[in-house]
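Could you look at this predicted model? Sequence included:
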Amino acid sequence: MEQQSKQLQQLKASILTGDIAPDCNIYNLFIHTVCTAMKRSGLGRPMIAERMNDALHSPHEHIDQAKLNKWLAPSQPSHMPMHYLPALCYAVQSMEPANVLLNPLLHRAVDQRAQMLQQHAELQLEIEERANMQRYIADTLLNGDAPQ
């Protein structure tokens with residue numbers, strides 16, 4: 001019984017505060033995911049570099065195809081700085097690179113627009129349900145079928 005309680009507490013605890021470190025050795029999977037996203041985007045590396053530059057809005061930093069090639073070759077010692085990740089996701093039109101990085105922590109990037117669309121749809125359904133209930137009450141009162 002005590003062991004079950006301890007296991008339940010461990011399940012409730014965040015992986016971020018747990019005693020056991022997650023396996024975050026995901027560099028090769030990250031590179032593979034980026035390359036797959038690049039292929040799916042249909043954009044070449046020069047265009048992806050250009051889109052990253054557009055997103056970075058920085059005159060001091062310039063990304064070109066050669067930098068992308070170095071960053072995405074597992075044999076190279078230099079890696080893409082992580083503060084470029086949002087620009088990369090924009091450039092390849094995918095959130096999968098970010099999700100691969102967050103996966104060991106059991107998290108995913110959240111699409112705020114999709115959440116708002118879902119909330120909007122739920123509110124619309126609630127409005128319709130309340131309008132139906134209001135019509136029912138009005139019909140009941142007008143027809144004299146109201147319970148006494």
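On my side now, so go ahead.

tell me the SS of residue 61?
Following DSSP: H, G, I helix; E, B strand; the rest coil, residue 61 is assigned to coil.

where does this structure have low pLDDT?
1, 5-13, 145-148 (pLDDT under 70).

swap the cut-off to 80 and go again
Within the chain, the segments meeting pLDDT under 80 span 1-14, 144-148.

ok, now which ones touch the residue nearest the centre of it?
Ranked by distance to the mean C-alpha position of the chain (CA atoms, centre = their mean), the top residue is residue 109 at 2.2 Å. Residue 109 makes contact with 95, 98, 99, 102, according to CB atoms under 8 Å, 6 or more residues apart in numbering. The way it works is simple: take the backbone N, C-alpha and C, and place the C-beta from them, glycine included.

so how far is residue 34 from it?
Relative to residue 34, residue 109 is positioned 14 Å away (CB to CB, to the nearest Å).

related to what we said a few turns ago, return the member of the contacts of residue 109 nearest to residue 3.
Nearest to residue 3 among the contacts of residue 109 is residue 102, at 30.6 Å by CB to CB.
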